[in-house]
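> Structure for the following, please:
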Amino acid sequence: MRNKLGFSLTEMVVTVVIVSILALASVPVYRGFVKRGIANEGASLLGEINSAQQIYYARHGEYFAGTNSNVLGVGIERTKYFTTWTTQTGGNGQSFTATVYSTEGINLSLTGSASLTTAGEDGIIDNNSY
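Got it, this is the predicted structure:
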């Protein structure tokens, strides 16, 4: 009887094939997770822009329109994937659209306005423009 030391070539090939199939299946899943993470970072940045716009509106009576300005105090330098943001106003400064642009080709937009939605004691929703 032969003393068997190590693995045969067939066993090695089967192992490499199995590992390759697992790697091929997991790469698209990983990329999806990365894209969702980038989108979450963009959503967070849009939330920060929205909050800053509401404060600006409360002080000036209109929304700010511009690009990467320090006027709103939005910290674009704290983001990893998003390098540029812009805001455009409409309706005589009573509404705005904010867009953030990433280095990965993922761009997100948010539209906001000076309308406030409240629910009264009876649960009726009242939309008021301020």
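
> Quick check: buried residues in stretch 57-73?
57, 62-65, 72 (16 or more other CB atoms under 10 Å). Quick note: C-beta positions are derived from backbone N, CA and C, even for glycine.

> residues making contact with that stretch?
49, 52-53, 56, 76, 84-89, 92-96, 112, 114 (CB atoms under 8 Å, 6 or more residues apart in numbering).

> Got a quick PyMOL command for the buried subset of the residues you listed?
Selecting only the buried entries of those in PyMOL, with 16+ other CB under 10 Å as the criterion:
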select buried, resi 49+52+53+56+76+85+86+87+89+94+95+96+112+114
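
> and the helix or strand that contains S20, how far from the chain's centre?
Following DSSP states H and E, one finds S20 within helix 9-60. Helix 9-60 sits 10 Å away from the centroid of its parent chain (CA atoms, centre = their mean, to the nearest Å).

> Next secondary structure after that helix?
Moving toward the C-terminus from helix 9-60, the next helix or strand (DSSP H and E) is strand 66-67.

> Give the partner strands of that next one in its sheet and their orientations.
Strand 66-67 has its sheet partners listed here by DSSP bridges as strand 82-90 (antiparallel).

> between the partner strand and helix 9-60, how big is the angle?
40 degrees (axes from the mean of the first three to the mean of the last three CA atoms, to 10 degrees).

> Now do strand 82-90: everything it contacts.
By CB under 8 Å, 6+ apart, strand 82-90 touches 41-42, 45, 49, 53, 62-68, 72, 74, 76, 95-103.

> Pull the contacting residues for the nearest residue to K35 once chain neighbours are set aside.
Excluding the flanking residues, the one nearest K35 by CB to CB, 6 or more residues apart in numbering is I106, at 6.6 Å. The neighbourhood of I106, defined by CB under 8 Å, 6+ apart, consists of 35, 38-39, 42, 81.

> ok so, going back, taking the buried residues of stretch 57-73 together, which two end up most distant?
Across the buried residues of stretch 57-73, no pair lies farther apart than E62 and L72, at 13.1 Å, counting by CB to CB.
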